[in-house]
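J.: got a predicted model here, sequence first, then my questions.
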Amino acid sequence: MINPTALMECRPMSTLPDLHLKHIVLGLSGGIACYKSAELVRELVRAGATVQVVMTEAATQFITPVTMQALSNRSVYLSQWDARESNAMAHINLSREADAILVAPASADFIAKLAQGRADELLSLLCLARPVDRCPLLLAPAMNREMWAHPATQRNLVQVKTDGATVLGPAAGDQACGEIGDGRMLEADELRDELIAFFQPKLLAGRGVLVTAGPTFEAIDPVRGITNHSSGKMGFAVARAAAEAGARVTLVAGPVHLPTPRHVRRIDVSSAQQMYDAVLPLAAQHDIFVATAAVADWRPAAAGTHKLKKDGSGRPPTFELIENPDILATVARLPPAQRPWCVGFAAESHDLVRHAREKLQRKAVPLIVGNLGPATFGRDDNTLVLVDAAGEHELPAAPKLALARQLVREIAARHTPRPT
Ligand code: C5P
C-alpha cells in the first residue's frame, strides 16, 4: 500500500505544507470564541499539523469534545486523571510531544492562572510543565472589552509575556455581549498564519523592508487606462515572507484585490507617479527595497478630463505617451546613507538571464530576480532566477509564498545590516 506520508517526504521542501511535521497542542479555555476553535483545528490540519486538543471544564460548556475529536481525529484530553496515560502523567507526556502549545481561546481567568503559575487542571498544568526552551506557548485571548482593559488582566498579560508566552491579538470589533471593543479572538485563518509565521526563522529581525507590488494604472480619460496583467501575488508573498522573517514591512501596492498580509503596513496607489511619490520618502527609512511591481513604462501625457468619444470619422483618437519615472533606478542611485539594499524583478518573455543581467547593470542594483512574465501573471506558482555579480541561481517551480521565503533567505544572506 502507498503510504501518503512517505510520498510527502519525497516532495521538495518548498512544496510541503506550512505546518508539516508540527505537532500542536491546542488548548481551549472557557469562552464563546470556542466556536472558532473548531475551524482552527481544520485550518491547522489542512496546513499539515497534527493537533491534540485539550479542554478545560468551562470550554466543554461552549463546544463538545466530540466535535473537537472528530475534527482533530484524536480523542480530546479533559483531565489530568485520564486513564489512557499508563504513567498517569498526561501533563508531562502532552507537553513533551508538542512543538507548540496554542491556547485559543485564552480566557481572562486562564491568563490569570498562568500568571500565578497555578496548575489545578490539565491545561494550566501542562502549560506550567512544558520545557520553556523547546515548547513555546502562544495565547489567543478572548474576552469582553472591559475584562481585557481591566488593570488586573493587563498586569497578568505583562507577567505571562515576561515568562515567555507569545500573545496573539486580540482583535477589536463586535463582541458576543453586544459591546464593541478590544478582546475578540483572532479568526481561525489569522491564528493559523500567526502560528506559521512563528515557526519561520527570524532572518530579517530588526530590519525594515519596503516592497512594491502589482500593476500600475495610467489613466487615458476618467474611465479608461493602460495597465497590465500583474496580479500582485508575488509582491504580496514577498511582503508576507519578510514580515514572517521578523522585518518591519511597508507594501506599496498598485490596484489589486488581495488581502494585506498580517503585520504589513500597506499603502495603496494607482499610477506609476503615485507609486514613485509614495516610495521615495520611505526609501531611506528601510534597509531593503524589493521592487516587484510591474510599473507601466509610459503614461498618456495628459489624461482627458472627459471620456473620449467616437467622432464618427472612423479614426481613433491619438494621444502622446511620456515615460514614467523609474522607481527602482531612482532609489538605487540615492546617496549611500539614504539608499536601501535594492532588489529588482525582471518579467521577461524570453532570454531571461540575459535581460536580467542587463537590468542588473542598467539599474545599478545588487540583485535582480528574473521570471517569465506571461507564464507567471495571475498564477499561484512561479520559477525564479536570481542574477547577481556572482552568477545565476535558479529557484525551481514552487508556490509563490515558498519562493518568497527562499528569496528572503537569499536576501538575508547577502544584505549586511548598517552599523547602528
Ligand atoms: O525596466 P523594467 O520595467 O524592465 O525593470 C523591472 C524592474 O524595475 C522591476 O523591479 C520594477 O519594479 C522596476 N521598475 C520601477 N519603475 C519603473 C519601471 C520598473 O521600479 N518605472
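T.: Perfect, thanks for sending it. Numbering: from 1, shown residues only.

J.: downstream of the helix or strand encompassing Gln159, the next helix or strand is which one?
T.: Using DSSP states H and E, Gln159 falls within helix 151-162. Next along the chain after helix 151-162, taking DSSP H and E as the criterion, comes strand 166-167.

J.: and that next one, what's its mean pLDDT?
T.: In this model, strand 166-167 has an average pLDDT of 98.

J.: for stretch 338-352, same thing?
T.: Throughout stretch 338-352, pLDDT has a mean value of 93.

J.: for the helix holding Gln159, give the mean pLDDT please.
T.: Average pLDDT, helix 151-162: 98.

J.: check which helices and strands that helix is in contact with.
T.: The contact analysis (3 or more Cβ pairs under 8 Å, 6 or more residues apart in numbering; DSSP states H and E) places helix 151-162 against helix 108-116, strand 166-167. To be clear about C-beta, it is placed using only N, CA and C from the backbone, and glycine gets the same treatment.

J.: residue ranges with poor pLDDT in the chain?
T.: 1-14, 420 (pLDDT under 70).

J.: which SS state does the residue most central in space within it fall under?
T.: By Cα atoms, centre = their mean, the chain has its centre lying nearest to Arg240, at 3.7 Å. Secondary structure for Arg240, judged by DSSP: H, G, I helix; E, B strand; the rest coil, is helix.

J.: so how many other residues sit close to Val25?
T.: Val25: 25 surrounding residues under other Cβ atoms under 10 Å.

J.: what's the answer for Phe110, then?
T.: 30.

J.: I'd say it and Ser124 touch.
T.: Yes. Applying Cβ atoms under 8 Å as the test, Phe110 and Ser124 come out as touching, 6.8 Å apart.

J.: in the stretch 101-250 of the chain, which residue sits closest to the ligand?
T.: Nearest residue of the stretch 101-250 of the chain to the ligand: Thr212, at 5.7 Å (Cβ to the nearest ligand atom).

J.: A strand includes that residue, no?
T.: Yes. Checked against three-state DSSP, Thr212 lies within a strand.

J.: quick one: the closest residue to it other than its chain neighbours from Leu195, how far?
T.: Closest residue to Thr212 apart from its sequence neighbours, by Cβ to Cβ, 6 or more residues apart in numbering: Ala293 at 3.7 Å. To Leu195, Ala293 is 30 Å away according to Cβ to Cβ, to the nearest Å.

J.: rewinding a little: thought the residue of the stretch 101-250 of the chain closest to the ligand was touching Val331?
T.: No. The criterion here is Cβ under 8 Å, and Thr212 misses it with Val331 at 9.7 Å.

J.: give the residues shared as contacts by these two.
T.: Counting by Cβ atoms under 8 Å, 6 or more residues apart in numbering, the common neighbours of Thr212 and Val331 are 279, 291.

J.: more neighbours: which of those two?
T.: Taking other Cβ under 10 Å, Thr212 and Val331 do not tie; Thr212 has more neighbours (31 against 26).

J.: OK, contacts around the more buried one?
T.: 235, 251-254, 275, 279, 290-293, 295, 327.

J.: same check on Thr250?
T.: If you count contacts by Cβ under 8 Å, 6+ apart, Thr250 has them with 208-211, 264-267, 282, 286.

J.: over to Arg84?
T.: Arg84 sits in contact with 75, 90, where contact means Cβ under 8 Å, 6+ apart.

J.: for Ala172, same thing?
T.: 180-184.
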